[in-house]
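[1] Need a 3D model of the following:
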Amino acid sequence: MRRDSDVSFIAFQETQLSDMGEVDSAKFWGDNDFDMDWVAANGRSGGLLSMWDPKIFKKVETIKDQHYLLFRGIVCGSNKEINLVNVYAPQRVPEKSLLWDKILGLLNSYPGQWVIMGDFNVVRSPKERKNSSFKVSCARAFNAFINEAGLLEYEMMGRKYTFLVENGSKMSKIDRFLVCFSFFSDWPDACLRALPRTHSDHNPIVLTTAKKNFGARPFRVFNSWLDKEGYVETVEKAATDFIGMEEPPDVVLSKKFKFVRDSIKNWREVMIHRENEEEETLREELENLEVTAEVRDLEEDEVWVKAECKKNLGILERNKTRDLKQRSRIRWAIDGDENTSFFHGVVNRRKASNTIHGLSINGSWVQKPTVIKGRFYHSSGTFFLNLSQVDIVCFVQGYARYLKGRGLISNCRSLKRKLKRLFFNAGRIGLPAQMA
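    Numbers count the residues shown, from 1 in each chain. Just a heads-up that it's a prediction; the model follows:
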C-alpha cells in the first residue's frame with residue numbers, strides 16, 4: 001500500500017505496543033530504507049508509531065506525549081521547515097480539551113508549516129456520524145481549537161466515514177488531516193483519499209501533494225485592467241494587426257484569440273513591473289518624509305507630497321484587492337475590505353474543492369490526467385448523443401437564460417437559434433420546423 005500510494009510519511013495510532021523492538025518494522029514500510037520513532041502504549045491502550053523516508057524528510061527534533069508525537073524537520077530539496085504531528089486523542093472530553101490546548105501551545109511555539117494527522121476521536125458535525133450519538137460540547141471544543149489554531153481541512157475522497165464497529169452499523173469520521181494556512185496555500189490541489197479497510201476497523205487515509213498537469217489553464221482577464229492605461233489600446237491593436245492564413249474559420253479565430261492573449265500577457269508583465277517600481281518609489285519617499293517629520297515640521301509642499309503618496313499607495317492596494325475579490329468570486333464582499341489573506345484563502349479553498357484529484361474506474365483509483373480527460377470526453381460525448389429533441393431544447397433554453405441573467409449576452413433568441421442548429425445539424429436528429 002505504501003508503494004502503490006507513493007507514501008513518504010506514515011503515522012500509526014493505537015499500536016498497543018510498549019516496545020517496537022519486538023516487531024519487524026520493515027514489514028510495514030516494505031524495505032529497510034526508513035527512519036522511525038514511537039510512543040509506547042499504556043498497557044493495551046494507545047501507542048503511536050511514525051515512519052518516514054529520510055530522503056524526503058530530515059528530522060531535527062522529536063517531542064513526545066502520551067497522545068501525540070511531533071517531528072520538527074525540513075523537507076529535503078526545498079529546505080522548508082515543517083512540523084508533522086501524529087495524534088491519538090483520548091476518549092474522555094476533558095482529556096481531549098487538554099490535548100487541544102497542548103497542540104495549540106506547540107503551534108504557537110515553533111515556526112514552519114504544520115500537518116496534524118491521526119485519530120482525533122471526535123467529529124465536527126452531526127453529518128460525520130451515523131447511528132451514534134453526537135456530542136455537541138465535544139464537537140464545539142474541537143471546532144474552536146481548529147479555528148483558533150487557523151487550521152484547514154481537505155475534502156476527503158473515496159469514503160464518507162473512516163471508522164466503523166465490527167457489525168458495520170455505527171460509522172463516524174474521526175480520522176483526518178489538519179494543515180496550516182501556509183501548507184494549504186502551497187498545496188491547494190492536494191488530494192485526501194480514504195483507502196479500503198483490510199486489517200483494521202479504520203480506513204487508512206492518504207494525503208497526496210503531487211501536482212497534476214491537465215494542460216493549459218484558461219486565461220483570466222481582471223476587471224481592474226479595463227481602467228489601466230494601455231489595456232484597451234493593446235487589445236484593439238492586436239485584433240487589428242492579426243493576419244490570418246487561409247484556414248478553417250474556427251482555426252483562424254483560435255489563433256486570433258491566442259495572438260490577442262499573448263499581447264495582453266506582454267502588456268501585463270510591463271504593467272506589473274511598472275506598478276511594482278511605482279510602489280517601491282512611493283514607499284521610499286513616504287519613509288523619507290516620515291523620518292524628516294521626526295526632526296522638523298514638514299513644509300506645505302512636503303505635506304501635500306506625503307498625502308499623495310498615501311493616496312497612490314491606497315489605489316495600488318485596492319486594485320490588488322479588487323483582483324483577489326474577482327478570483328474568489330465573492331459577490332457579497334464588502335467594497336474597500338483589504339483583508340487580502342482572507343481572499344487568498346477563499347481562492348485556495350475554492351481551488352481545492354474544484355480540483356479533480358482522480359477517478360475510480362472499474363474499482364481502481366486513477367490519477368493520470370490523460371486517462372481522466374479521456375474518460376470525461378467519452379462520458380460527455382455519450383451524454384449528448386443520447387439526448388432527445390426535448391432534452392436538447394431544454395438545455396439550450398436554460399443555458400441561454402443563464403447567460404442572459406448574468407449579463408453575458410443581450411440577444412437570447414439569436415444564441416438559442418445558433419445552439420439548436422449546432423446540436424441538430426450534427427446529422428443524427430432533424431431540426432423541428434417550429435425551432436428553426
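
[2] for residue 400, helix, strand, or coil?
    For residue 400, the assignment made with DSSP: H, G, I helix; E, B strand; the rest coil gives helix.

[3] just the one 4 residues further on next, same as before
    Using three-state DSSP, the three-state assignment for residue 404 comes out as helix.

[4] Now do it against residue 361, distance only.
    Using Cβ to Cβ, to the nearest Å, residue 404 is found at 38 Å from residue 361. Just so you know, the C-beta spots here come from the backbone N, C-alpha and C atoms, and that holds for glycine as well.

[5] Give me the below-cutoff pLDDT ranges for the stretch 201-350 of the chain.
    Residues of the stretch 201-350 of the chain meeting the criterion pLDDT under 70: 212-218, 327-350.

[6] Helices along that one, start to end?
    Under the criterion DSSP state H, counting those that start in this stretch, helices of the stretch 201-350 of the chain are mapped to 231-241, 249-295, 300-328, 340-354.

[7] before we move on, back to that, neighbour-wise, which of residue 404 and residue 361 wins?
    Shown here are residue 404 and residue 361; by other Cβ atoms under 10 Å, residue 404 has more neighbours (16 against 11).

[8] Tell me the confidence at that one?
    Note on residue 404: pLDDT of 70.

[9] and of the helices of the stretch 201-350 of the chain, who's closest to residue 171?
    Closest approach to residue 171 among the helices of the stretch 201-350 of the chain is made by helix 340-354 (23.1 Å; Cβ to Cβ).

[10] Contacts for the helix or strand following the closest one next, please.
    Using DSSP states H and E, the helix or strand that follows helix 340-354 in sequence is strand 359-361. Residues from elsewhere that reach strand 359-361 (Cβ atoms under 8 Å, 6 or more residues apart in numbering): 158, 365-366, 371-372, 375.

[11] Columns neighbour count, pLDDT and secondary structure on top of those, output as JSON lines?
    JSON lines is the format used below for the contacts of strand 359-361 (neighbours: other Cβ atoms under 10 Å; pLDDT from 0 to 100; DSSP: H, G, I helix; E, B strand; the rest coil):
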{"residue": "158", "neighbour count": "18", "pLDDT": "85", "secondary structure": "coil"}
{"residue": "365", "neighbour count": "17", "pLDDT": "71", "secondary structure": "strand"}
{"residue": "366", "neighbour count": "13", "pLDDT": "74", "secondary structure": "strand"}
{"residue": "371", "neighbour count": "13", "pLDDT": "76", "secondary structure": "helix"}
{"residue": "372", "neighbour count": "18", "pLDDT": "76", "secondary structure": "helix"}
{"residue": "375", "neighbour count": "13", "pLDDT": "75", "secondary structure": "helix"}
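
[12] Switch those residues over to a markdown table; also include distance to residue 279.
    A markdown table is the format used below for the contacts of strand 359-361 (distance: Cβ to Cβ, whole Å):
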| residue | distance to residue 279 |
| --- | --- |
| 158 | 46 |
| 365 | 46 |
| 366 | 46 |
| 371 | 45 |
| 372 | 41 |
| 375 | 46 |
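
[13] out of those residues, who's nearest residue 305?
    residue 372 (56.6 Å).

[14] Quick check: closest non-adjacent residue to that closest one.
    Distance criterion Cβ to Cβ, 6 or more residues apart in numbering; nearest residue to residue 372, sequence neighbours excluded, is residue 359 at 5.5 Å.

[15] what's the neighbour count on the one you found?
    Neighbours of residue 359 (other Cβ under 10 Å): 16.

[16] Kindly report the same for the one 10 residues further on.
    Residues contacting residue 369 under the criterion other Cβ under 10 Å number 14.

[17] quick revisit: now do the residue nearest to residue 372 against residue 204, distance only.
    20 Å.

[18] can you pull the contacts of the closest residue to residue 172 other than its chain neighbours?
    In this structure, residue 172 finds its nearest non-sequential neighbour in residue 129, 4.8 Å apart by Cβ to Cβ, 6+ apart. Applying Cβ under 8 Å, 6+ apart, we find residue 129 in contact with 123, 171-173.
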